[in-house]
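Undergrad: what's the 3D shape of this:
(one chain, ligands or ions: 2)
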Amino acid sequence: MHPRWSGRCTQCGAWNSLAEEPAVAPARARSAPGWAGRVDGGTDAVALADVPLAGGAPRATGIDELDRSLAGGLVPGSVTLVGGEPGIGKSTLLLQLAASWAASGGRALIVAAEESAGQVRRRAERLGAAVPGVSVVVTTSLPVALDAAGRDAPDLLVVDSVQAVADPAVGAGGGSVSQMRECAASLVHFAKSRGVATVLVGHVTKDGVLAGPKVLEHLVDTVCSFDGERHHALRVLTVSKHRFGPTGELGVFEMTESGLRGVDDPSALLLGDRRSGVAGSVVVPVLEGRRPMLVELQALVARSSLATPRRTAQGIPPGRLALAVAVLEQRAGCSLASCDVFASVVGGVKVAEPAVDLALALALVSAATGTALGPDLVACGEVGLAGELRQVVHTDRRLAEAARLGFTRACVPPSAPDPPPGMSLVRASTLAGAVTALGLGRARGGPARGSVEPGAPADPG
Ligand code: TYD
Ligand code: MG
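TA: Ligands and ions are numbered 1, 2, ... in the order given. Purely as a prediction, here's the structure:
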């Protein structure tokens with residue numbers, strides 16, 4: 001807060017980064033004199049066991065992947081925030097949601113604050129979503145939107161997006177923090193008082209966080225994030241906060257010519273174009289929510305001409321790549337110090353869990369030595385700083401998924417459970433041990449100084 005004009009932010013030191021926001025009383029306080037906070041069912045304290053369990057049951061949306069991630073569907077009166085980068089498919093998903101909702105007898109109203117009615121109509125035609133029971137109001141004014149919603153009486157309200165609507169009664173400009181907070185608070189109030197399941201679209205900034213303050217996430221019941229690589233068809237819906245069920249369950253979609261399609265078998269889709277016998281490629285069973293999924297990791301190691309060689313990671317946190325490179329050098333005698341290193345997850349998937357460590361390290365050694373690992377192998381385990389391998393949660397479920405897709409060998413830490421039928425395990429207690437057991441190149445065990453020559457001639461087939 002700066003009470004008067006200032007050219008420089010006293011907190012981060014940036015110049016010309018301050019915007020004027022007139023101090024205003026919250027809209028609610030002004031529009032409802034005597035407003036004294038929310039009261040649900042009497043002012044006396046009630047024994048928790050006597051509180052009625054009303055209104056908490058989710059209603060299925062009819063889109064399986066959505067219902068899966070939302071633990072059953074949307075709860076009447078709940079507010080769900082769906083964040084995602086521009087162009088990822090939020091409007092598409094929510095239009096399909098509206099159509100599906102209407103198909104099961106509901107009434108959906110879309111507040112389009114970013115597009116014209118024509119644009120929404122065109123998209124709806126493409127998705128087969130221009131159906132009875134789905135209405136649209138095009139406005140950036142929150143009072144107009146709420147008024148329309150009051151008259152239309154939908155049981156599903158979609159606001160696309162919460163950053164694009166503004167309440168003129170709040171003095172601050174559109175898109176400002178106070179606007180967003182006040183608009184979201186009014187929408188939450190509307191949803192709760194009318195029992196309307198409400199979905200808000202939220203934009204994210206370049207770093208992937210929801211634009212605007214955390215307060216938006218505190219206000220709503222459920223926070224989802226819709227992610228994917230714009231150049232790939234795969235889209236993943238994750239839930240990071242859910243007041244009506246567990247989080248962590250994942251919805252997987254594919255963007256097609258006619259909208260988003262649920263993907264029942266992501267592993268098969270992700271491994272569809274895999275070429276076997278290529279050095280630097282390792283398949284790892286990752287676990288997203290309760291759902292195992294096989295993804296292919298690829299690494300490329302090339303002699304560098306730079307003083308500081310490149311370390312580029314796509315779909316993997318850069319920290320995991322740095323760790324794999326350091327542990328390989330210090331604990332497995334495989335130095336990549338003079339090499340550019342690239343690692344990526346195929347298919348535009350993002351994986352952050354430690355279970356990818358082993359596969360990532362093996363992919364690096366495989367790429368550095370030009371030795372391909374067998375096409376029937378998966379690897380799964382966490383790599384510790386001492387180079388030891390550790391078991392990761394639900395290894396059994398991961399191996400079962402690998403076996404289902406025809407993999408017959410798995411490289412795992414020593415404590416891993418017995419494999420499913422038809423699969424054999426390569427158990428290794430250290431990364432160096434795994435490298436040796438899999439016959440990977442000339443990497444030596446122990447903290448030796450030996451280095452691996454990149455680009456050794458091995459035909460990738
Ligand atoms: P959109 O839902 O507008 O994204 P957001 O609301 O997150 O900004 O969708 C953006 C992209 O999706 C657009 O570039 C085109 C693509 N798309 C398809 O590939 N197929 C479709 O059926 C639709 C409607 C969109
Ligand atoms: Mg949109």
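
Undergrad: What is the end-to-end distance of stretch 305-319?
TA: End-to-end distance of stretch 305-319 (Cα to Cα, to the nearest Å): 23 Å.

Undergrad: so which helix or strand takes in Val278?
TA: Counting by DSSP states H and E, no helix or strand carries Val278.

Undergrad: in the sheet, who's paired with whatever residue of the stretch 151-300 of the chain ends up closest to ligand 1?
TA: As assessed by Cβ to the nearest ligand atom, ligand 1 sits closest to Gly259 within the stretch 151-300 of the chain, at 4.1 Å. Where C-beta positions appear, they are placed from N, C-alpha and C, glycine not excepted. Here Gly259 sits in beta bridges with Thr256, as judged by DSSP bridges.

Undergrad: got it, and Val295?
TA: Val295 has these beta-bridge partners by DSSP bridges: Val284.

Undergrad: Neighbours of it, how many?
TA: Using other Cβ atoms under 10 Å, Val295 has 23 other residues around it.

Undergrad: Might one say that it is in contact with Val346?
TA: Yes - using Cβ atoms under 8 Å, Val295 is in contact with Val346, at 6.7 Å.

Undergrad: Mind listing the shared neighbours of these two?
TA: Between them, Val295 and Val346 share these contacting residues under Cβ atoms under 8 Å, 6 or more residues apart in numbering: Leu270.

Undergrad: May I ask you to confirm that His203 is in contact with Leu81?
TA: No - using Cβ under 8 Å as the test, His203 is too far from Leu81 to be in contact (10.8 Å).

Undergrad: Between those two, tell me which one has more neighbours.
TA: Between His203 and Leu81, Leu81 has the larger neighbour count (other Cβ under 10 Å), namely 25 against 18.

Undergrad: which residues are in contact with the strand or helix carrying that one?
TA: Leu81 is part of strand 79-84, with elements assigned from DSSP H and E. For strand 79-84, contacts defined as Cβ under 8 Å, 6+ apart pick out 70, 74, 90, 93-94, 162, 187-188, 191-192, 197-204, 210, 216-217, 219-227, 237.

Undergrad: Following element in sequence after that strand, please.
TA: helix 90-103.

Undergrad: Tell me the buried residues in that next one?
TA: For helix 90-103, the neighbour count (16 or more other Cβ atoms under 10 Å) marks 90-102 as buried.

Undergrad: Could you do stretch 309-322 as well?
TA: Across stretch 309-322, burial judged by 16+ other Cβ under 10 Å covers Pro309, Arg311, Ala313, Gly315, Ile316, Arg320, Leu321.

Undergrad: Isn't Ser91 up against Gln119?
TA: No - Ser91 lies out of contact with Gln119 (Cβ under 8 Å); the separation is 9.2 Å.

Undergrad: For the nearest residue to Thr395 once chain neighbours are set aside, give me its contacts.
TA: Excluding the flanking residues, the one nearest Thr395 by Cβ to Cβ, 6 or more residues apart in numbering is Ala416, at 5.0 Å. Contacts for Ala416 (Cβ under 8 Å, 6+ apart) come out as Gly381, Gln391, Thr395, Leu399, Ala410, Leu425, Arg427.

Undergrad: Please repeat the previous calculation with a cut-off of 10 Å.
TA: Residues in contact with Ala416 (Cβ atoms under 10 Å, 6 or more residues apart in numbering) are 380-381, 389-392, 395-396, 398-399, 410, 425, 427.

Undergrad: Any of those residues buried? List them.
TA: When the contacts of Ala416 are checked for burial by 16+ other Cβ under 10 Å, the buried set is Cys380, Gly381, Leu389, Arg390, Gln391, Val392, Thr395, Arg398, Leu399, Ala410, Leu425, Arg427.
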